[in-house]
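*Asks:* below: sequence and its predicted model.
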Protein chains: 2
Amino acid sequence: MSEKITIYDIAERLNITAATVSRALNNNPRISASTRKLVMETAVEMNYKPNMLALALKSGKSNNVGVIVPYIDRYFFSSIIRGIEEELYPHGYHVIICQTFEIETKEIETINTLLNAQVDGILMSISKATIDLEHFKGVLSKNVPLIFFDRKKNIEGVSTVTIDDFKGGYEATKHLIEQGCKRIAHLSGDRSLEIYNDRFEGYKQALKESNIPFDERYVLQTKSDIEAGKKAIDKLLKLKERPDAVFSSSDYIALGVIQQLKAKNIKVPEDFCVVGFSNEPFTKFMELSITSVDQSTLEMGKMAAKVFLKQAGGRVKTDQKVVLAPKLEIRKSSSKK
Amino acid sequence: MSEKITIYDIAERLNITAATVSRALNNNPRISASTRKLVMETAVEMNYKPNMLALALKSGKSNNVGVIVPYIDRYFFSSIIRGIEEELYPHGYHVIICQTFEIETKEIETINTLLNAQVDGILMSISKATIDLEHFKGVLSKNVPLIFFDRKKNIEGVSTVTIDDFKGGYEATKHLIEQGCKRIAHLSGDRSLEIYNDRFEGYKQALKESNIPFDERYVLQTKSDIEAGKKAIDKLLKLKERPDAVFSSSDYIALGVIQQLKAKNIKVPEDFCVVGFSNEPFTKFMELSITSVDQSTLEMGKMAAKVFLKQAGGRVKTDQKVVLAPKLEIRKSSSKK
DNA sequence: TTGTAAGCGTTATCAC
DNA sequence: GTGATAACGCTTACAA
């Protein structure tokens, strides 16, 4: 039932004013050592805790940052958030999480309520459905640091922390070529998202360097789930010149592909190699573990947080573009020898 | 660069006072329709957004709730958080997430900073390491609703949302008995946590009902990861009377068990059945899919949020204890026929 | 070194 | 129906 005690309560007890208490508590230089000591002790004794809301109103800083992701229960996102939280907590920031469910209107609305709540920054991965970019301008015009992680759109003033998706696609494809695969298909999400397009470009580059002709029929854009993977591989297998490998921009697609291949008695990796993307936990648990491109999500989260801290600290005025290196985790689904 | 505009700006523009603007905006009955209309329109035109921090300071309500979990990147927790967020967002609450990493001091500290931040409630799963319960009293004494999900300690005034762990353990074990298993081992986490103890009690009850003698050598307490599972099964296999099944209180332990059994050429499920707990996503993706007890995490999160809303709305004064039903998902690792 | 008073953006309690 | 004014808890010129 403990009543909230304020600096006024301390002041009253000591027969001084709240201002003095405030100064003592904040280590203001011009205050006598004796009163400071007295105030400090009394504060502890009375179990004083500063009201952060009052502080926030006064300073305009809420010490909260908003983190927006499509779904929080996807490992990819939750591990990034873990990184953000780990990095920001020691600096006194709290992390507010919001989900867009890949809906643009939800994204816009969420950004607005976060802005109303006076967050000190917004770290987010934009929704797949987002086309209009006006709402981001709104954030910038309020001088609230805006940082995109993973899914990026090029907007002046917005910092980004991404992995080198081109390189990820390139290395995955090159690996398949090295395994002796000749007709490598590529399954990607909607390529209007930069990440998917970059992986696609990396894929093409790898083919080109090895003088393997690019064949459009081997490239499909689909949803990023198991069912979509199954459907896609069905389609590919109907081609007269069947592919002998798939580089997928999603681990779920890769899993669907593998399950379907198994159902059709096509041996992985002997007759068909598969590489996914994201290094979701399940890829390494599978009996037939799945080769995948790791996106170092924890680090991505920490880096996004660091970028925010720099901007919030005013140490940097311009936006920053951080690109992390992807790491190919080679596992059974693509290891022939 | 847009300056923040307040009700004073609107008032000035319309030559009325801020109080009137406030009333108009809040649909206060005693205000003329005309001024209300005027104020509303001007607010939109000037793009007025209320400052939630000011509101929060005034009302003492931050419209934030704190959610504390050991790790946010475990699917079990992230999906609960998803449920909480989905339920609370429409009610205007934001979700602040914090991690304890299973460290008691971190838990205490986190609760305190959350309390300082004036959260309107705390929803949490307590750390495994937590022994002392004093910090929870602190929350209650401030009249901040406190809700435990999954991991519970019995504290007066604290609401809990859990699944019926006893029933989960009971059904898992009964299922194994029905599969013809005779010597069922049980691997659990530290049973000083109620959830683990309840599952253990359910296990014993199922054995008892089927007149299978309880054998202490078949019960081990371990960490909840793959390596621990491997070690545990190694130990069990050294017994003269080897078990022919394992009910594990963790999917990761179950996975370790299965991997090790495979390494030793013991066939699952033909010669050895395995059941896990939590229904982690990977359990159904495996080629040898794992039978597991689903804890309906999304629902658990939503329910925790609902309990909070009831308490926050003052509709309920006493604590609530909600128990959800577990659901056994039978898969290959335990399906003999 | 300390006290006084204004202000952060609202809402609520009086008056008129 | 609308206007003053105080209050939420804190910081910070400006005085003293």
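*Replies:* Received it, and whenever you're ready, just let me know what you need.

*Asks:* ok, stretch A:135-155 near chain B or not?
*Replies:* Yes - Stretch A:135-155 reaches chain B (C-beta under 8 Å from any C-beta of the partner chain) through A:141, A:142, A:143. For glycine as for every other residue, the C-beta is placed from the backbone atoms N, C-alpha and C.

*Asks:* do that stretch and DNA strand C meet?
*Replies:* No - Stretch A:135-155 lies out of reach of DNA strand C by C-beta under 7 Å from any atom of the strand, never closer than 12.1 Å.

*Asks:* that stretch: end-to-end distance?
*Replies:* From its first residue to its last, stretch A:135-155 covers 12 Å (C-alpha to C-alpha, to the nearest Å).

*Asks:* and it, what's its mean pLDDT?
*Replies:* The average of the pLDDT scores along stretch A:135-155 is 91.

*Asks:* which other residues reach it?
*Replies:* With C-beta atoms under 8 Å, 6 or more residues apart in numbering or on different chains as the test, stretch A:135-155 has contacts from A:76, A:80, A:107-108, A:111-112, A:115, A:119-126, A:128, A:130, A:133, A:157-163, A:193-195, A:295, A:300-301, A:304, A:307-308, A:311-312, B:1-2.

*Asks:* of the residues you listed, buried ones?
*Replies:* Among the contacts of stretch A:135-155, those scoring as buried are A:76, A:80, A:107-108, A:111, A:115, A:119-126, A:128, A:130, A:158-163, A:193-195, A:295, A:300-301, A:304, A:307-308, A:311-312 (criterion: 16 or more other C-beta atoms under 10 Å in any protein chain shown).

*Asks:* so which of those sit within strands?
*Replies:* Taking DSSP state E, the ones among the buried ones among the contacts of stretch A:135-155 that sit in strands are A:121, A:122, A:123, A:124, A:159, A:160, A:161, A:162, A:163.

*Asks:* wait, which of the residues of stretch A:135-155 next to chain B is closest to DNA strand D?
*Replies:* Lowest distance from DNA strand D to the residues of stretch A:135-155 next to chain B (C-beta to the nearest atom of the strand) belongs to residue A:143, with 18.6 Å.

*Asks:* which phi and psi does that closest one have?
*Replies:* phi 60, psi 30 (degrees, to the nearest 10).

*Asks:* again with the one 5 residues further on
*Replies:* According to degrees, to the nearest 10, the main-chain angles of residue A:148 amount to phi -90, psi 140.

*Asks:* residues touching the closest residue to DNA strand D within the stretch 101-250 of chain A, list them.
*Replies:* Using C-beta to the nearest atom of the strand, residue A:118 is the residue of the stretch 101-250 of chain A that sits closest to DNA strand D, at 13.4 Å. If a contact means C-beta under 8 Å, 6+ apart, then residue A:118 has A:56, A:60, A:61, A:62, A:64, B:51, B:52, B:53 as its contacts.

*Asks:* within reach of DNA strand C, which of these are there?
*Replies:* Filtered for proximity to DNA strand C (C-beta under 7 Å from any atom of the strand), those shrink to A:60, B:51.

*Asks:* which of the contacts of residue A:118 sits closest to residue B:257?
*Replies:* Using C-beta to C-beta, residue A:64 comes nearest to residue B:257 of the contacts of residue A:118, at 42.9 Å.

*Asks:* so that closest one makes contact with residue A:94?
*Replies:* Yes - under the criterion of C-beta atoms under 8 Å, residue A:64 makes contact with residue A:94 at 4.9 Å.

*Asks:* which neighbours do these two have in common?
*Replies:* Residues within reach of residue A:64 and of residue A:94 at once, by C-beta under 8 Å, 6+ apart, are B:96, B:117.

*Asks:* circling back: now the residues of stretch A:135-155 next to chain B as CSV including distance to residue B:252 and neighbour count?
*Replies:* Formatted as CSV, the residues of stretch A:135-155 next to chain B follow (distance: C-beta to C-beta, whole Å; neighbours: other C-beta atoms under 10 Å in any protein chain shown):
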residue, distance to residue B:252, neighbour count
A:141, 47, 11
A:142, 44, 15
A:143, 45, 11
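
*Asks:* for the residues you listed, could you give me JSON lines that also reports distance to residue A:276?
*Replies:* Formatted as JSON lines, these follow (distance: C-beta to C-beta, whole Å):
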{"residue": "A:141", "distance to residue A:276": "40"}
{"residue": "A:142", "distance to residue A:276": "39"}
{"residue": "A:143", "distance to residue A:276": "40"}
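
*Asks:* quick check, nearest of those to chain B?
*Replies:* Checking these against chain B by C-beta to the nearest C-beta gives residue A:141 as the nearest, at 5.0 Å.

*Asks:* hey, where'd the helices end up in chain A?
*Replies:* Taking DSSP state H to define them, one finds helices in chain A at A:7-14, A:18-25, A:33-45, A:52-59, A:75-88, A:104-116, A:134-141, A:165-178, A:194-209, A:226-237, A:251-263, A:281-285, A:297-312.

*Asks:* returning to what we had before: quick check: PyMOL command selecting the buried ones in the contacts of residue A:118.
*Replies:* Selection of buried members from those for PyMOL, criterion 16+ other C-beta under 10 Å:
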select buried, (chain A and resi 56+61+62+64) or (chain B and resi 51+52+53)
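
*Asks:* residue A:20 against residue A:35, yeah?
*Replies:* Yes - counting by C-beta under 8 Å, residue A:20 does reach residue A:35; the two are 6.5 Å apart.

*Asks:* more neighbours: those two, which one.
*Replies:* Per other C-beta atoms under 10 Å in any protein chain shown, whichever of residue A:20 and residue A:35 has more neighbours is residue A:20, with 19 against 15.

*Asks:* and the more buried one, how far from residue A:52?
*Replies:* Applying C-beta to C-beta, to the nearest Å, the value for residue A:20 to residue A:52 is 21 Å.

*Asks:* repeat for residue A:254
*Replies:* For residue A:254, the distance to residue A:52 - C-beta to C-beta - is 46 Å.

*Asks:* same question, residue A:314
*Replies:* To residue A:52, residue A:314 is 21 Å away according to C-beta to C-beta.

*Asks:* repeat for residue A:283
*Replies:* 42 Å.

*Asks:* up against chain B, what does the stretch 101-250 of chain A have?
*Replies:* A:112, A:113, A:114, A:115, A:116, A:117, A:118, A:141, A:142, A:143.

*Asks:* right, and the pair among the residues you listed with maximum separation?
*Replies:* Maximum pairwise distance among those (C-beta to C-beta): 18.2 Å, between A:113 and A:143.

*Asks:* point me to the residue of the stretch 201-337 of chain A nearest DNA strand D.
*Replies:* Relative to DNA strand D, the nearest point of the stretch 201-337 of chain A is residue A:314 (15.3 Å; C-beta to the nearest atom of the strand).

*Asks:* which residues of chain A score low on pLDDT?
*Replies:* Along chain A, segments meeting pLDDT under 70 span A:1-3.

*Asks:* residues from it in reach of DNA strand C?
*Replies:* Within chain A, the positions adjacent to DNA strand C are A:15-20, A:23, A:30-32, A:34-36, A:54, A:57-58, A:60 by C-beta under 7 Å from any atom of the strand.

*Asks:* can I have the buried ones of the residues you listed as a ChimeraX selection?
*Replies:* Burial among the residues of chain A next to DNA strand C is assessed by 16+ other C-beta under 10 Å; the matching ChimeraX selection reads:
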select /A:20,23,31,36,57
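
*Asks:* correct me, but residue A:23 touches residue A:40?
*Replies:* No - Residue A:23 is beyond contact range of residue A:40, at 11.8 Å (criterion: C-beta under 8 Å).

*Asks:* give me the common contacts of the two.
*Replies:* Joint contacts of residue A:23 and residue A:40 (C-beta under 8 Å, 6+ apart) do not exist.

*Asks:* the closest residue to chain B within the stretch 201-337 of chain A and DNA strand C, how far apart?
*Replies:* For the stretch 201-337 of chain A and chain B, the shortest gap (C-beta to the nearest C-beta) falls at residue A:282, measuring 3.9 Å. Separation of residue A:282 from DNA strand C (C-beta to the nearest atom of the strand, to the nearest Å): 47 Å.
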